[in-house]
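Trainee: sharing a model prediction with you, sequence too.
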There are 2 protein chains.
Amino acid sequence: MRSVLERMIEGLNAGDVQKVVALYADDATIEDPVGGGMVVRGRDAITAFYDKAVAMRAHIELVAPIRASHGNAAAMAFDVLADTPDGGIRIAVIEVIELDDALKIRAMRAYWAPDDVSPAAGNAPH
Amino acid sequence: MRSVLERMIEGLNAGDVQKVVALYADDATIEDPVGGGMVVRGRDAITAFYDKAVAMRAHIELVAPIRASHGNAAAMAFDVLADTPDGGIRIAVIEVIELDDALKIRAMRAYWAPDDVSPAAGNAPH
């Protein structure tokens, strides 16, 4: 379970959308942010989601070791740095994934609020 | 939302079970660990859960700032130190809470796996 999140970080930080999308089940869902009122569902939408993240040069920095669970889930706390038209931003996030029996992600939820977002000096590293 | 988790930490670290239990709705649930096969439900069971934690002198150390959400949820990454018959242990946890409209916790889920547990030298601080 932990390695799924490790590969997600590696893929995103390398700008490799296909590597990240391959971690998801075909009918998976992404709720990012939780409570934002929008759920991304299915491979095409998930690909578009990560295409956009890579276009913003999103870069994940873990702030604590990844946690697993006794079941089919794992969670991690990280900061994500990204480019925006106004400069860089940093978002403090906790992300939880649920896996299916094939160890593909069936649901990802990212917890962050407007005040978890702060300006980040300079461009996100990549 | 963030302050609910702050009060949970304060209450637990002070050994004040009632302060922690008061954060929960009457019919709330706790799944700790996620996937462990047991869900604690209702005020009496939640009180017993925290009585046990306080008896082990459980002490929370945040490892990153608390995250909120755009909805009714919040999450935090922490280490919990506790006394055991064999000495101290440290468990690396991510905890997610969902709140009801009265800002009471209706569900708490704690993500940690057996290999998120390590020995901790000496007793947990209190």
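Mentor: Received it, and whenever you're ready, just let me know what you need. Numbers count the residues shown, from 1 in each chain, chains lettered A, B, ... in the order given.
Trainee: in chain A, which spans are helices?
Mentor: According to DSSP state H, chain A carries its helices in the segments A:2-13, A:17-21, A:43-55.
Trainee: relative to A:Asp27, which of these is closest?
Mentor: A:Asp27 lies closest to helix A:43-55 among those, at 8.2 Å (Cβ to Cβ). All C-beta atoms are positioned from the backbone trio N, CA, C, and that covers glycine.
Trainee: just the C-alphas of that closest one, formatted as PDB.
Mentor: As requested, C-alpha coordinates have been extracted for helix A:43-55 and formatted as PDB (Å, rounded to 0.1, in the frame of the first residue of the first chain):
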ATOM      1  CA  ARG A  43      -9.500   7.000 -16.400                       C
ATOM      2  CA  ASP A  44     -10.000   9.900 -18.800                       C
ATOM      3  CA  ALA A  45     -11.000  12.400 -16.100                       C
ATOM      4  CA  ILE A  46      -8.100  11.200 -13.900                       C
ATOM      5  CA  THR A  47      -5.700  11.600 -16.700                       C
ATOM      6  CA  ALA A  48      -6.900  15.200 -17.300                       C
ATOM      7  CA  PHE A  49      -6.600  15.900 -13.600                       C
ATOM      8  CA  TYR A  50      -2.900  14.900 -13.500                       C
ATOM      9  CA  ASP A  51      -2.300  16.500 -16.900                       C
ATOM     10  CA  LYS A  52      -3.300  19.800 -15.200                       C
ATOM     11  CA  ALA A  53      -1.200  19.100 -12.100                       C
ATOM     12  CA  VAL A  54       1.900  18.400 -14.300                       C
ATOM     13  CA  ALA A  55       1.200  21.500 -16.400                       C
END
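Trainee: pull out the buried positions in stretch A:39-47.
Mentor: Burial within stretch A:39-47, assessed by neighbour count using 16 or more other Cβ atoms under 10 Å in any protein chain shown, is assigned to A:Val40, A:Ile46, A:Thr47.
Trainee: for the second one, list the residues it contacts.
Mentor: Translated: A:Ile46. Listed by Cβ atoms under 8 Å, 6 or more residues apart in numbering or on different chains, the contact set of A:Ile46 reads A:Val21, A:Tyr24, A:Ala28, A:Ile30, A:Val40.
Trainee: quick one: contacts of the lowest-mean-pLDDT helix or strand in chain A?
Mentor: Lowest by mean pLDDT, DSSP states H and E among the helices and strands of chain A is strand A:117-120, with a mean of 93. If you take Cβ under 8 Å, 6+ apart as the criterion, strand A:117-120 is touched by A:Leu81, A:Asp86, A:Gly87, A:Gly88, A:Ile89, A:Arg90, A:Ile91, A:Ala92.
Trainee: pull out the buried residues from the residues you listed.
Mentor: Members of the contacts of strand A:117-120 classed as buried by 16+ other Cβ under 10 Å are A:Leu81, A:Gly88, A:Ile89, A:Arg90, A:Ile91, A:Ala92.
Trainee: measure the last one to chain B for me?
Mentor: Read it as A:Ala92. In this structure, A:Ala92 and chain B are separated by 6 Å, where distance is defined by Cβ to the nearest Cβ, to the nearest Å.
Trainee: not including adjacent chain positions, what is the nearest residue to that residue?
Mentor: Ranked by Cβ to Cβ, 6 or more residues apart in numbering or on different chains and with sequence neighbours excluded, the top spatial neighbour of A:Ala92 is A:Asp116, at 4.3 Å.
Trainee: I figured that neighbour hits B:Ala64, correct?
Mentor: No: under the criterion of Cβ atoms under 8 Å, A:Asp116 lies out of contact with B:Ala64, with a separation of 10.7 Å.
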